[in-house]
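J.: just coords:
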């Protein structure tokens, strides 16, 4: 079945098409709850591999998580490319505002602690979500 899907496709599209074909043959979660459980399972497998110090295993599990994330997108009827693009734009906008705030404090990012940056990030995120609702 997956052999009929062109190898030249990008990975997201290929994963989508593989899962569409499998679903068409009845190999699919009947509800999105199964997909949510699988996402959690794959994430836990990455954590376990990482805790064991097995980076190669963690990388393989990451591939599984990404594959399941595409399946989740399919179940949500969301285009994974569009959603990732939106997230990239949102992250970039927020990160630029974090950089501006750090500069306003007369510092550079590498001089800030992670908790300090996280606090600024949350403030920026809140400010943007508040302004987006207006």
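T.: Arrived safely. On a predicted model such as this, the values are computed, not experimentally measured, just so you know.
J.: Pass me the low-pLDDT residue ranges in the chain, would you?
T.: Applying pLDDT under 70 to the chain flags the ranges 1-3, 131-134.
J.: Swap in 50 and give it another go.
T.: Per-residue confidence for the chain (pLDDT under 50) gives these ranges: 134.
J.: Tell me how it divides into domains.
T.: Domain assignment for the chain by automatic domain parsing gives 2-78, 84-132.
J.: host element of the closest residue in space to residue 93 that isn't next to it in sequence?
T.: Using Cβ to Cβ, 6 or more residues apart in numbering and skipping the chain neighbours, the partner closest in space to residue 93 is residue 128 (7.1 Å). Glycine gets a C-beta too; all of them are placed from N, C-alpha and C. Assigned by DSSP states H and E, residue 128 belongs to helix 114-132.
J.: can you pull the contacts of residue 6?
T.: Neighbouring residues of residue 6 by Cβ atoms under 8 Å, 6 or more residues apart in numbering: residue 14.
J.: what separates it from residue 23, distance-wise?
T.: Shown here: residue 6 relative to residue 23, a distance of 19 Å by Cβ to Cβ, to the nearest Å.
J.: which other residues reach the longest helix along the chain?
T.: Of all segments of type helix in the chain, defined using DSSP state H, the longest is helix 80-104. The contact list for helix 80-104 (Cβ under 8 Å, 6+ apart) reads 12, 16, 69-70, 73, 108-109, 112, 117, 120-121, 123-125, 127-128.
J.: Kindly calculate the angle that that helix makes with helix 114-132.
T.: When axes from the mean of the first three to the mean of the last three Cα atoms, to 10 degrees is applied, the directions of helix 80-104 and helix 114-132 differ by 110 degrees.
J.: What residues sit buried inside helix 80-104?
T.: 80, 94, 97-98, 101-102 (16 or more other Cβ atoms under 10 Å).
J.: What is the three-state secondary structure of the residue of the chain positioned farthest from its centre?
T.: Distance to the chain centre peaks in the chain at residue 106, reaching 32.4 Å (criterion: Cα atoms, centre = their mean). What DSSP: H, G, I helix; E, B strand; the rest coil gives for residue 106 is coil.
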